[in-house]
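>>> With the input below, show me the fold.
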Amino acid sequence: MKRITFNNPTAQKIYDDYFKRVRRCVSILPESDQLEMIMELNSHIYEATQGAAPANEVEVLVNTIENLGMPEEVLAPAVADKKVKQATRSFNPKHIFQALYLNIFNGVGYVLFALVYLLIISFGFLILFKLIYPAHTGFFTGSGHVFFFGFMAEIPVGVKEQLGNWFFITDITLMAVLYFLNTLLFRLLKGK
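This is a model prediction of the structure:
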């Protein structure tokens with residue numbers, strides 16, 4: 001991005017400070033997305049300030065920036081959207097959690113997705129519990145049609161663990177299925 005140079009040092013400082021804030025807002029995105037968003041804002045400022053007299057540079061620049069809005073507010077939805085697109089392309093858990101965090105207030109759908117990812121993490125802990133407490137972790141059934149998948153501190157009389165070492169495979173399969181279904185649903189929610 002070509003930095004706009006102003007004759008008025010105050011205008012230059014305002015411009016530089018504004019783009020420091022913009023860069024901070026988009027820093028979570030990949031380099032190409034950051035550059036695209038920065039160039040778009042820079043283009044608006046360039047068009048608005050082109051030909052402004054040096055005596056009016058500050059006024060024109062301040063008005064333009066006010067019309068664009070504060071970067072923290074204006075860029076938040078666009079950054080969240082681009083993060084979702086990145087997450088659905090990469091299936092990278094880090095990107096998915098960042099996208100969820102950025103979009104958590106966009107609706108119940110994202111809260112639901114966050115809860116499913118929490119469930120996936122819980123299944124991961126069950127693997128550790130099965131290694132540490134094998135008799136208390138698993139798929140339990142009992143005479144009264146009691147079904148329980150997870151960890152039981154006290155096992156009631158007549159309740160038995162049914163999967164044994166197959167619990168690991170079942171748990172990992174459930175984690176994988178939930179992960180990919182949730183990520184695909186995430187993609188569908190965003191319509192891409």
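
>>> measure Met39 to Met1 for me?
5 Å (C-beta to C-beta, to the nearest Å). For glycine as for every other residue, the C-beta is placed from the backbone atoms N, C-alpha and C.

>>> got it, and His44?
Distance, His44 to Met1, using C-beta to C-beta: 13 Å.

>>> Lys82 too?
Counting by C-beta to C-beta, the gap from Lys82 to Met1 is 17 Å.

>>> neighbour-wise, which of these two wins?
Applying other C-beta atoms under 10 Å to Lys82 and Met1 shows that Lys82 carries more neighbours, namely 22 against 13.

>>> mind checking the SS state of that one?
helix (DSSP: H, G, I helix; E, B strand; the rest coil).

>>> Test for you: state the pLDDT assigned to it.
Listed pLDDT for Lys82 reads 81.

>>> My guess is it contacts Ile28. True?
No. Judged on C-beta atoms under 8 Å, Lys82 makes no contact with Ile28 at a distance of 9.1 Å.

>>> For this protein, which helix or strand comes out least confident on mean pLDDT?
One helix or strand of the chain scores below all others by mean pLDDT, DSSP states H and E: helix 93-103, with a mean of 74.

>>> per the record, what domains does this structure have?
Domain ranges of the chain: 1-76, 107-192, per automatic domain parsing.

>>> Could you count how many residues lie near the closest residue to Leu119 other than its chain neighbours?
The shortest distance from Leu119 to any non-neighbouring residue, by C-beta to C-beta, 6 or more residues apart in numbering, is to Leu178 (6.5 Å). Other residues near Leu178 number 15, with proximity taken as other C-beta under 10 Å.
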